[in-house]
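In: Sequence and predicted structure below; questions after.
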Amino acid sequence: MKICNTIDEIRNHVKIIKKADKSIGFVPTMGYLHDGHLSLVKKAKEENDIVVVSIFVNPTQFGAGEDLESYPRDLDRDFQLLKSQRVDFVFVPSVDEMYNKAYKTYVDVEGQITKKLCGSSRKGHFRGVTTVVSKLFNIVAPNRAYFGQKDAQQVAVIEKMVRDLNFDIDIISCPIVREEDGLALSSRNSYLNSKEREDAAILSKSLFLAKKMIENGAKEAKEIKKFIIDNINTVDYAKIDYVEIVDAKTLEDVNTLQGDILIAVAVKIGKPRLIDNIKVEVK
Ligand code: PAF
């Protein structure tokens, strides 16, 4: 496994890979890897000749007062995990390498898709994500890029950006990986103390119960949202940011459920703000 810290270094390898007509699968990450990330790496390994993983805690997607400084980092452990998965290249640039002092260019997907859900409480977050992902796509030039469905809105925004800017890259969205009690894996779960960790399972439990409710015939978004909110509020210190039911593709609000819908939640449990979602096909 080769570790590259500069854009020139990884670009030289990419040139050689392309010359040999080999495909590149790319897994962008912010590090502190868990089994969710590794499931993306495994899929990328299955579908491509060469796998590149990036580790970069991207400052432009963090707002003021968010956890940029305290975001968990453990590069040595990440390298070990990636080595065990037989990853070919890891791109680990510094902040200066990605954003020099004169940096001025941003990629912004406009409209509700970036304004609602996480976009409404994390202003500028998706602008940072689409900017860094565009830069990484230009540097790594992958055939396929792999993202986790836990960040369903991020996937929808990146798919839109790829269509709008004509990136010749397939976006592969992979299923959420969960702990035994249902908690979706996230690097931010490491902020939870043991009581919070136990209580955090309320997010997925509420989503699974809501799915059952829909399967049993419930159709009104308002009623299902209330059910989820009441469930989450059984954890008295949980602070709900949003509980939304939207069209799975466009992320537009739905009132009466029909077709593929996404139920998405964001909740503060102690320090971290956790997100989770579930897709339901409504007949
Ligand atoms: O999902 C993440 O870890 C980040 O948002 C990403 C896609 C690596 C961009 O920084």
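Out: Perfect, thanks for sending it.
In: What is the lengthiest helix in the chain packed up against?
Out: What stands out as the longest helix in the chain, according to DSSP state H, is helix 125-140. If you count contacts as 3 or more Cβ pairs under 8 Å, 6 or more residues apart in numbering; DSSP states H and E, helix 125-140 packs onto helix 7-19, strand 24-29, strand 50-55, strand 89-91, helix 118-121, helix 152-164. Every residue, glycine included, has its C-beta placed from N, CA and C.
In: Out of these, the one nearest the ligand is which?
Out: The ligand lies closest to strand 24-29 among those, at 3.9 Å (Cβ to the nearest ligand atom).
In: hmm, back to that, present the helices and strands packed on helix 125-140 as JSON lines; the columns should include mean pLDDT.
Out: Output for these, formatted as JSON lines (pLDDT from 0 to 100):
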{"stretch": "helix 7-19", "mean pLDDT": "98"}
{"stretch": "strand 24-29", "mean pLDDT": "99"}
{"stretch": "strand 50-55", "mean pLDDT": "99"}
{"stretch": "strand 89-91", "mean pLDDT": "99"}
{"stretch": "helix 118-121", "mean pLDDT": "96"}
{"stretch": "helix 152-164", "mean pLDDT": "98"}
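In: Turn those into JSON lines, including mean neighbour count and distance to the ligand.
Out: Converted to JSON lines, the helices and strands packed on helix 125-140 look like this (neighbours: other Cβ atoms under 10 Å; distance: least, Cβ to the nearest ligand atom, whole Å):
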{"stretch": "helix 7-19", "mean neighbour count": "15", "distance to the ligand": "15"}
{"stretch": "strand 24-29", "mean neighbour count": "26", "distance to the ligand": "4"}
{"stretch": "strand 50-55", "mean neighbour count": "26", "distance to the ligand": "7"}
{"stretch": "strand 89-91", "mean neighbour count": "24", "distance to the ligand": "11"}
{"stretch": "helix 118-121", "mean neighbour count": "17", "distance to the ligand": "11"}
{"stretch": "helix 152-164", "mean neighbour count": "20", "distance to the ligand": "6"}
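In: Tell me which of the ones you listed sits nearest to Met98.
Out: Ranking the helices and strands packed on helix 125-140 by proximity to Met98 (Cβ to Cβ) places helix 7-19 first, at 8.1 Å.
In: got the angle between the closest one and strand 50-55?
Out: If you take axes from the mean of the first three to the mean of the last three Cα atoms, to 10 degrees, helix 7-19 sits at 160 degrees to strand 50-55.
In: got the contact list for helix 7-19?
Out: Here helix 7-19 makes contact (Cβ atoms under 8 Å, 6 or more residues apart in numbering) with 2, 4, 24, 49-50, 52, 89, 91, 93, 97, 139-141.
In: so which strand or helix has Lys45?
Out: Using DSSP states H and E, Lys45 maps to helix 35-47.
In: just Asp276 next, same as before
Out: strand 273-282.
In: Can you give the contact residues for that strand?
Out: Under the contact criterion Cβ under 8 Å, 6+ apart, strand 273-282 has outside partners 118, 121, 149-152, 176, 184, 186, 188-189, 200, 203-204, 207-208, 210-211, 214-215, 219, 241, 248, 257-268.
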